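Student: here's my sequence, what's the structure:
(one chain, ligands or ions: 2)
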Amino acid sequence: MAIQVTPLHPHIGAEVAGIDASVVPDEETLAALWRAIDAHSVLVLKQQSVSDAQLKAFAAPFGPLEIGRAALQGGKRRLDIPEIGDISNLDIDNNIRARDDRRRLDMLGNRLWHTDASYMTVPVVLGMLFAVAVPPASPLGAGETEFADMRAAWDALDDDMKALCEPLIVEHDIFWSRGQIGFTEFAPGEREKYPPSPQKLVRRHPGSGRKTLYLSAHASHIVGWPVADGRLLLHDLNTHATQRQFVYSHKWQTGDLVIWDNRCTMHRGRPHDENAARDLRRATTLDVGSTLDEAA
Ligand code: OGA
Ligand code: MN
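Tutor: Ligands and ions are numbered 1, 2, ... in the order given. Sure thing, here's the model as predicted:
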């Protein structure tokens with residue numbers, strides 16, 4: 001099936017037409033989608049209609065699928081398939097979660113610029129979010145998802161800063177990112193299950209050969225530096241990398257399927273009317289190893 005790719009932004013994001021995500025992609029379609037991902041980092045597929053099972057089947061040829069932190073916690077879930085992440089403000093009975101609901105507060109960490117699961121030794125590659133219900137416009141916004149281009153951000157650093165960053169290793173920690181918004185209510189045993197992970201600050205994106213900054217709200221400090229110095233450098237890099245010229249803001253419509261490469265982007269959710277349902281479903285592919293073992 002021939003696909004049409006139309007850029008949405010000078011650096012990041014493209015709309016892709018000619019794909020039906022309820023059908024498992026064949027070899028040719030898979031290769032075309034990878035080419036588009038490698039070029040544009042974020043793909044938007046409009047007017048899709050997929051069940052959770054179809055989303056899982058569509059994502060599976062791209063790589064082994066992640067089972068997220070919430071699904072691994074056990075207990076009853078709203079969604080049946082563990083490989084489909086529940087990115088919603090709904091409880092297991094499809095009611096909107098209370099303002100002080102623990103799971104809601106944990107998920108508010110997604111409002112900080114981040115890349116998914118960088119606190120895991122082996123992090124993730126693709127995220128695929130499918131919109132089932134979208135909140136209406138409100139003074140706070142409509143729950144947009146923003147994506148920032150970490151390859152363009154790297155390119156825009158000056159040579160001295162590139163040389164400084166190149167060899168650095170960063171410790172990523174889910175407890176650090178959640179602590180930034182005052183969420184410290186982790187279940188007993190969570191700390192042990194999710195210890196911090198070291199990651200390269202500068203990665204080479206395999207599909208494009210381009211270098212990229214690997215930043216995230218989970219990024220706590222720089223290994224071998226005083227914590228304060230590392231945090232301040234990461235703060236400056238985050239400010240640089242999330243300037244508006246590097247950002248594509250996705251305004252959701254139901255039926256949108258957005259695919260992004262976590263290795264070379266950051267993303268964040270934006271606020272919305274908390275009394276309206278927002279229901280996104282996510283499939284996520286795992287990487288094959290630690291960033292520390294990647295080719296420079
Ligand atoms: C995610 C995420 C942001 C949003 O699903 O990984 O960070 O807008 N989502 O819901
Ligand atoms: Mn995320």
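Student: tell me who's in contact with the closest residue to residue 123 other than its chain neighbours.
Tutor: Excluding the flanking residues, the one nearest residue 123 by CB to CB, 6 or more residues apart in numbering is residue 117, at 4.9 Å. To be clear about C-beta, it is placed using only N, CA and C from the backbone, and glycine gets the same treatment. Neighbouring residues of residue 117 by CB atoms under 8 Å, 6 or more residues apart in numbering: 66, 68, 123, 124, 262, 284.
Student: could you tell me how many residues sit around residue 162?
Tutor: Other residues lying near residue 162 total 14 when counted by other CB atoms under 10 Å.
Student: got it, and residue 179?
Tutor: By the criterion of other CB under 10 Å, residue 179 has 14 neighbours.
Student: so it: helix, strand or coil?
Tutor: Secondary structure assignment for residue 179 (DSSP: H, G, I helix; E, B strand; the rest coil): helix.
Student: how about residue 107?
Tutor: Put simply, residue 107 is helix when judged by three-state DSSP.
Student: what's near enough to touch it?
Tutor: Shown in contact with residue 107 (CB under 8 Å, 6+ apart): 87, 89.
Student: quick check, the residue nearest to residue 123 in a strand?
Tutor: No: using three-state DSSP, the assignment for residue 117 is coil, not a strand.
Student: would CSV of the contacts of residue 117 with distance to residue 159, secondary structure and pLDDT be doable?
Tutor: Listed next are the contacts of residue 117 as CSV, based on distance: CB to CB, whole Å; DSSP: H, G, I helix; E, B strand; the rest coil; pLDDT from 0 to 100:
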residue, distance to residue 159, secondary structure, pLDDT
66, 36, coil, 98
68, 39, coil, 92
123, 28, coil, 98
124, 31, strand, 98
262, 27, coil, 98
284, 35, strand, 98
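Student: dump those residues into TSV; add neighbour count and distance to residue 36 as well.
Tutor: Output for the contacts of residue 117, formatted as TSV (neighbours: other CB atoms under 10 Å; distance: CB to CB, whole Å):
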residue	neighbour count	distance to residue 36
66	27	22
68	19	25
123	25	22
124	22	19
262	24	16
284	25	18
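Student: who touches stretch 75-90?
Tutor: For stretch 75-90, contacts defined as CB under 8 Å, 6+ apart pick out 52-53, 55-56, 59, 65-68, 70-72, 91-92, 94, 96-97, 104, 107, 110, 129, 132-133, 274, 277-284.
Student: select only the buried ones of those in PyMOL?
Tutor: Entered in PyMOL, the line below selects the buried ones among the contacts of stretch 75-90, by 16 or more other CB atoms under 10 Å:
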select buried, resi 52+55+56+59+65+66+68+70+71+91+96+97+104+107+110+129+132+274+278+279+280+281+282+283+284
